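**Student:** One predicted model, sequence on top.
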Amino acid sequence: MADDVVKIDDLLAGLDRTGPVPLYFQVSTAIEQAIRSGEIPAGARLENEIAIGQRAGLSRPTIRRAMEELVDKGLLVRRRGIGTQVVQGQVTRQVELTSLYEDLKSSQHEPSTLVLEHDTRPADPATAEALRVPVGSDIVYLRRQRSTDGVPVAVLTNYLPIEFADITTEQLQVKGLYEIMRARGVTIRVANQKIGARRAHGDEPGLLDIDKGGPVLTMERVAFDASGRAVEFGHHCYRPDMYSFQTTLVAK
């Protein structure tokens, strides 16, 4: 991943300052073409708006609007303490019975996991109903931050039956949950899933490197093994600029 600040003077050298096409649009188009062609690589950081404007002889509002166009298209992201950065490429996830770790791997991304919490606790009523266990019985609680190529993508919260209490934090740091389950002989056959959206709350903005109260995609899932037993209850949130769900619809 590129870490150096990229100067875009050459890209803006040919701007038409007297024609009918707005300057902000010309700037955003030039940067977009450079990103899509690979001239500006994924992970590269751009100069700040003031520096770009001064070097190109353009106003800050013009540069800001050009950058906003590219952020809206998912090509740039503003990260606290880093600045404006070319995104690694949005992860598009087919709505299938797979894990995020597997989806990132299959998309040629490099996933990494930070285990935030890993313990056992009594099942609350909602978790007990999802896992088909008595209220108050012990279950395994997992909370993880998943990143791709060093950029945070999701906060994952999972509840598992107590039989999975021997899964280690070390395993969770280097493997996906479903991969760990399969290695134990668990075959996940079906799941009930709900996709939605809401505002980020609690520590989610910091973990996802997004604005406080910013939007997140959500997914809630209860997964069952081949015998029909519930083996996982999860609710996750995702950065919408880095992640999307894709479905195929068939007419009846």
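**Tutor:** Arrived safely. Residues are numbered from 1 along each chain as shown.

**Student:** Quick check: the residue most central in space within the chain vs Thr113, distance?
**Tutor:** Centroid check for the chain by CA atoms, centre = their mean gives Val153 as the closest residue, at 2.3 Å. Remark: distance between Val153 and Thr113 (CB to CB, to the nearest Å) = 11 Å. From N, CA and C alone the C-beta is placed, and that goes for glycine too.

**Student:** Identify the contacts common to the two.
**Tutor:** Here Val153 and Thr113 have Arg146, Ser147 as joint contacts, going by CB atoms under 8 Å, 6 or more residues apart in numbering.

**Student:** Arg17: what secondary structure?
**Tutor:** Following DSSP: H, G, I helix; E, B strand; the rest coil, we place Arg17 in the coil state.

**Student:** I'd guessed it sits against Ala56; true?
**Tutor:** No - with contact defined as CB atoms under 8 Å, Arg17 does not count as touching Ala56 (10.3 Å).

**Student:** out of these two, which sits in the more crowded spot?
**Tutor:** Ala56 (18 against 8; other CB atoms under 10 Å).

**Student:** What residues does the more buried one make contact with?
**Tutor:** By CB under 8 Å, 6+ apart, the residues touching Ala56 are Ile8, Asp9, Leu12, Leu15, Val27, Ile63.

**Student:** all helices for this structure, in order.
**Tutor:** Taking DSSP state H as the criterion, the chain contains helices spanning 23-37, 49-56, 60-72, 100-106, 125-131, 169-174, 177-183, 204-208.

**Student:** Which one of the ones you listed lies nearest to His235?
**Tutor:** helix 125-131 (9.5 Å; CB to CB).

**Student:** contacts for that closest one?
**Tutor:** So helix 125-131 is contacted by Ala123, Pro134, Val135, Gly136, Ser137, Ile139, Tyr159, Leu160, Pro161, Val222, Ala230, Phe233 (CB under 8 Å, 6+ apart).

**Student:** I'd like to know which of the residues you listed are buried.
**Tutor:** Ala123, Ile139, Tyr159, Leu160, Pro161, Val222, Ala230, Phe233 (16 or more other CB atoms under 10 Å).

**Student:** Format those residues as CSV; extra columns: distance to Ile50.
**Tutor:** Shown next, in CSV, are these (distance: CB to CB, whole Å):
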residue, distance to Ile50
Ala123, 53
Ile139, 52
Tyr159, 48
Leu160, 50
Pro161, 55
Val222, 50
Ala230, 55
Phe233, 48
